[in-house]
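*Asks:* Pasted the sequence and its predicted model underneath.
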Amino acid sequence: DARVLTRLARTVSRLRRRGASPRRKPTYRLMGSKRIVEAPSFDSQQVVVQAHIWRNPSFRRLQPGNGAAVARARARYLTREGAGLASERPEAFAMGERVQDLAAQFAKEVGEQRHAFRLMVSPERSADLDLKVFAHELMRRVERDLGRELNWMGVAHYDTEQPHLHIEIAGIDRKGGSLTIHPDYLFKGLRYRAQELATLELGHRIEHDVERALERAVNAPRLTLLDRHLTALPQRAPDKNIDRVAVRELANTQRAVRAHVMERVLEARLEQLVALGFAQTQDRSHWTLSPTLTEQLKELGTRGDVVKSIQRNRPDLFRGQNLELWDRNQPTGRSIEGRVKGRHLGDEMTDRELISIETTAGRTVLVPINGRSEQLGRVREGDIVRVAPGRSGDANIYLRSRLALEQQGEAWGRTWLDEQLLQREHAANSRSAQRQTHFQRQLEETLERRVAWLKEHTLVRQNERVPTSLLHTLYEQELSRFARPMTLQV
């Protein structure tokens with residue numbers, strides 16, 4: 001039987017590890033925890049835990065927002081249709097008896113509190129776990145660690161490749177006291193507890209499982225366990241560099257996998273970091289990591305997650321399109337112009353919104369919304385906008401035209417389309433031989449209609465190029481059209 005062989009292999013692996021290393025796993029008393037927290041071993045079940053402290057915008061002194069509305073929108077998102085098992089609507093659950101419309105009730109309570117805690121818990125083998133039972137047991141352990149009776153709600157999502165849990169913890173506990181969780185426990189202790197519980201339920205990973213997970217981590221565009229080990233190595237070296245000797249020593253300390261396998265994947269990961277531009281090497285035997293490697297890899301992983309999430313939630317809108325996230329550091333992303341395609345939720349944890357823009361260059365770019373932009377509140381689907389980096393590095397969104405592209409073809413006065421017409425007429429090789437997007441084709445067709453309309457109204461002469469004075473002529477025409485009725489009234 002396959003299950004018997006699997007259990008036997010796990011037992012042999014566990015006994016071999018015990019014989020090889022009699023030392024106990026390190027334990028910590030993390031800040032904020034009343035109990036000792038044991039650090040997971042290398043062969044423990046892997047669990048990704050993301051945490052975010054949500055601060056109610058209603059309590060902000062400057063530019064207060066509607067926290068109750070944000071909390072209600074959050075509850076609707078967590079319990080949306082299709083996110084549950086078998087594409088059904090997921091049901092919220094909590095400790096104690098079952099409550100009807102729990103999500104709405106919890107949102108009402110949180111909307112009146114200063115803050116709340118949002119968790120996303122994703123075990124590597126979540127398909128082998130009952131996520132609801134897992135959440136209940138995890139929160140029991142968290143309550144014992146914190147010494148508090150928590151007011152929390154959980155929802156299990158199955159609409160991604162990796163089923164996961166969303167757990168919301170209110171900022172006031174069940175006894176009415178204000179709840180604070182130390183960052184040391186929030187961002188580290190919770191993961192330790194989740195890994196401890198997953199390992200208890202599923203057993204330690206066997207050597208083959210560990211090796212397979214390490215192979216996947218080599219090319220992963222995000223922060224991995226390999227990176228956490230590598231970033232600790234330069235701190236021990238006098239010159240802050242990593243050499244093969246240091247890598248070999250690190251590989252020999254990991255008892256869950258063979259040393260030569262660990263050494264190979266660590267060196268492969270270092271080469272991948274070099275390819276990503278996050279590390280440098282001289283002779284492929286000495287490496288220098290970027291000082292901000294951890295932050296860079298976290299940002300890279302977040303960017304990939306945002307794009308995948310939006311493509312998954314709106315397949316009808318982005319079918320066959322390559323989405324990219326706006327990046328002020330890229331030459332093509334410093335300033336873009338195009339039509340707003342829609343608004344999207346880009347981050348499940350922070351409720352950060354993005355807008356998708358079909359650019360005149362044929363790209364579809366996701367731009368994070370900057371609440372400080374003066375034009376932000378007026379941007380809507382179909383608007384023509386320009387995006388440029390602000391002083392703080394965030395994206396500033398400027399409204400260029402509220403008039404729909406189709407209507408600009410025969411509109412009186414100066415339009416955004418006329419600016420595009422001049423750029424096309426007076427730029428060398430402006431027409432690209434590459435395959436055009438739907439927006440580019442629509443733009444070209446509207447430009448041709450615009451030229452025909454301008455010639456019909458003698459604003460452009462037949463068989464001549466569009467004059468550079470066109471914008472000024474249209475502006476003067478628009479002024480005269482508005483001034484004529486005013487003159488008649490006088």
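*Replies:* That came in fine, so what should we check first?

*Asks:* Give me the neighbour count for residue 321.
*Replies:* 15 (other Cβ atoms under 10 Å). For glycine as for every other residue, the C-beta is placed from the backbone atoms N, C-alpha and C.

*Asks:* Could you verify my assumption that it touches residue 365?
*Replies:* No: with contact defined as Cβ atoms under 8 Å, residue 321 does not count as touching residue 365 (10.8 Å).

*Asks:* pLDDT weak spots in the stretch 201-350 of the chain?
*Replies:* The model of the stretch 201-350 of the chain has pLDDT under 70 over residues 234-240, 320, 330-333.

*Asks:* in it, which spans are helices?
*Replies:* 207-218, 225-232, 244-253, 259-276, 293-313 (DSSP state H, counting those that start in this stretch).

*Asks:* Just give me how far the longest one sits from the chain centre.
*Replies:* Right, the one you point to is helix 293-313. Here helix 293-313 is found 4 Å from its chain centre; the criterion is Cα atoms, centre = their mean, to the nearest Å.

*Asks:* The first one too?
*Replies:* The gap between the average C-alpha position of helix 207-218 and the chain average comes to 25 Å, counting by Cα atoms, centre = their mean.

*Asks:* buried ones in it?
*Replies:* Neighbour counts over helix 207-218 (16 or more other Cβ atoms under 10 Å) mark 207, 209, 210, 211, 213, 214, 217, 218 as buried.

*Asks:* With distance to residue 96 added, can I get the helices of the stretch 201-350 of the chain in JSON lines?
*Replies:* Listed next are these as JSON lines, based on distance: least, Cβ to Cβ, whole Å:
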{"stretch": "helix 207-218", "distance to residue 96": "36"}
{"stretch": "helix 225-232", "distance to residue 96": "36"}
{"stretch": "helix 244-253", "distance to residue 96": "45"}
{"stretch": "helix 259-276", "distance to residue 96": "45"}
{"stretch": "helix 293-313", "distance to residue 96": "32"}
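
*Asks:* Nearest to residue 115, out of those?
*Replies:* Among the helices of the stretch 201-350 of the chain, helix 293-313 comes nearest to residue 115, with 22.0 Å by Cβ to Cβ.

*Asks:* Now the closest one - C-alpha only, PDB.
*Replies:* The C-alpha trace of helix 293-313 is given here as PDB (Å, rounded to 0.1, in the frame of the first residue of the first chain):
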ATOM      1  CA  LEU A 293      17.700  41.500  -1.100                       C
ATOM      2  CA  THR A 294      14.800  40.600   1.300                       C
ATOM      3  CA  GLU A 295      12.800  43.700   0.400                       C
ATOM      4  CA  GLN A 296      13.400  43.300  -3.300                       C
ATOM      5  CA  LEU A 297      12.300  39.700  -3.300                       C
ATOM      6  CA  LYS A 298       9.200  40.500  -1.300                       C
ATOM      7  CA  GLU A 299       8.300  43.200  -3.700                       C
ATOM      8  CA  LEU A 300       8.900  40.900  -6.700                       C
ATOM      9  CA  GLY A 301       6.600  38.300  -5.200                       C
ATOM     10  CA  THR A 302       3.900  40.800  -4.400                       C
ATOM     11  CA  ARG A 303       4.000  42.200  -7.900                       C
ATOM     12  CA  GLY A 304       3.500  38.700  -9.400                       C
ATOM     13  CA  ASP A 305       0.700  37.900  -6.900                       C
ATOM     14  CA  VAL A 306      -1.100  41.100  -7.900                       C
ATOM     15  CA  VAL A 307      -1.000  40.400 -11.600                       C
ATOM     16  CA  LYS A 308      -2.100  36.700 -11.100                       C
ATOM     17  CA  SER A 309      -5.000  37.700  -8.800                       C
ATOM     18  CA  ILE A 310      -6.400  40.300 -11.200                       C
ATOM     19  CA  GLN A 311      -6.100  37.900 -14.200                       C
ATOM     20  CA  ARG A 312      -7.800  35.200 -12.200                       C
ATOM     21  CA  ASN A 313     -10.700  37.400 -11.000                       C
END
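
*Asks:* Report the secondary structure state of the residue nearest to residue 343 when sequence neighbours are not counted.
*Replies:* Nearest non-adjacent residue to residue 343, counting by Cβ to Cβ, 6 or more residues apart in numbering: residue 355, 5.4 Å away. With DSSP: H, G, I helix; E, B strand; the rest coil as the basis, the three-state label of residue 355 is strand.

*Asks:* cool, and the one 10 residues further on?
*Replies:* Using three-state DSSP, the three-state assignment for residue 365 comes out as strand.

*Asks:* need the contact list for residue 128.
*Replies:* By Cβ atoms under 8 Å, 6 or more residues apart in numbering, residue 128 lies in contact with residue 202.

*Asks:* Figure out which of the helices of the stretch 201-350 of the chain is closest to residue 400.
*Replies:* Minimum separation from residue 400 across these (Cβ to Cβ) falls at helix 293-313, 23.5 Å.

*Asks:* if we can go back for a sec, residue 152 is nearest to which of the helices of the stretch 201-350 of the chain?
*Replies:* Here helix 293-313 is closest among the helices of the stretch 201-350 of the chain (Cβ to Cβ), at 23.8 Å.

*Asks:* Tell me which residues of that closest one come out buried.
*Replies:* Going by neighbour count (16+ other Cβ under 10 Å), the buried part of helix 293-313 is 293, 296-297, 300, 302-303, 305-307, 309-311, 313.

*Asks:* CSV for the residues you listed, including distance to residue 261?
*Replies:* What follows is those, written out as CSV (distance: Cβ to Cβ, whole Å):
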residue, distance to residue 261
293, 23
296, 27
297, 22
300, 25
302, 30
303, 30
305, 29
306, 33
307, 32
309, 33
310, 37
311, 35
313, 38
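
*Asks:* nearest to residue 198, of the residues you listed?
*Replies:* Nearest to residue 198 among the buried residues of helix 293-313, counting by Cβ to Cβ, is residue 305 at 21.2 Å.

*Asks:* if you skip the residues just before and after it, what's nearest to residue 349?
*Replies:* Nearest one to residue 349, counting by Cβ to Cβ, 6+ apart, is residue 52 at 4.1 Å.

*Asks:* Roughly how far does that neighbour sit from residue 155?
*Replies:* Separation of residue 52 from residue 155 (Cβ to Cβ, to the nearest Å) stands at 15 Å.

*Asks:* neighbour-wise, which of those two wins?
*Replies:* Using other Cβ under 10 Å as the criterion, residue 52 and residue 155 rank with residue 155 on top: 25 against 16.

*Asks:* which residues sit against the helix or strand harbouring the more buried one?
*Replies:* Here residue 155, judged by DSSP states H and E, is contained in strand 152-157. For strand 152-157, contacts defined as Cβ under 8 Å, 6+ apart pick out 78-79, 83-85, 90-95, 102-103, 106, 131-132, 135-136, 139, 163-170.
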